[in-house]
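Chemist: build me a model from this:
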Amino acid sequence: MTLERIIITGANGTGKKRLAQKLAKRRPDLDVISYGVLRLREKWIKRPERETTSALNILLTQDTRILEGGPSLLGLALRRCHGVIWLDPPTLTRAFRRAIRH
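Modeler: Next up is the predicted model:
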């Protein structure tokens, strides 16, 4: 079986988005979906949960996806994926650098 629906998850700052982008370069047939982007409107305002779930369900009916986001997406998407990549939290140094950068 080939991996066509993949979830990349883990704590903030672990490199989920970066890994998703690297995988997409190797597998251009896989579109990257950011769960964070799906959940938020402009200016960091959360979409209603029903709206987010509906949009995610529509996207998950399509065959080829890399879905990246925090662990909260697992309950919604796990049953429809072929594989999960869990990234461990970064070292203190990396987390510190990221906090300074942002």
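
Chemist: rest of the way, CA atoms for contacts and neighbours
Modeler: Will do.

Chemist: avg pLDDT for stretch 55-67?
Modeler: In this model, stretch 55-67 carries a mean pLDDT of 83.

Chemist: chain center to that stretch, what's the gap?
Modeler: 11 Å (C-alpha atoms, centre = their mean, to the nearest Å).

Chemist: report the buried residues of it.
Modeler: With burial defined by 16 or more other C-alpha atoms under 10 Å, the residues of stretch 55-67 counted as buried are Leu56, Leu60, Thr64, Arg65, Ile66, Leu67.

Chemist: cool, stretch 37-53 as well?
Modeler: In stretch 37-53, the ones that count as buried by 16+ other C-alpha under 10 Å are Leu38, Arg39, Thr52, Thr53.

Chemist: how far does stretch 35-43 stretch from start to finish?
Modeler: Separation of the first and last residues of stretch 35-43 by C-alpha to C-alpha, to the nearest Å is 16 Å.

Chemist: just give me the neighbour total for the residue lying closest to Leu19 once chain neighbours are set aside.
Modeler: In this structure, Leu19 finds its nearest non-sequential neighbour in Ile8, 7.9 Å apart by C-alpha to C-alpha, 6 or more residues apart in numbering. Using other C-alpha atoms under 10 Å, Ile8 has 23 neighbouring residues.

Chemist: doesn't Ile8 belong to a strand?
Modeler: Yes - using DSSP: H, G, I helix; E, B strand; the rest coil, the assignment for Ile8 is a strand.

Chemist: show me what it is bridged to.
Modeler: Beta bridges link Ile8 to Glu68, Ile85, judged by DSSP bridges.

Chemist: okay then, goodbye and thanks.
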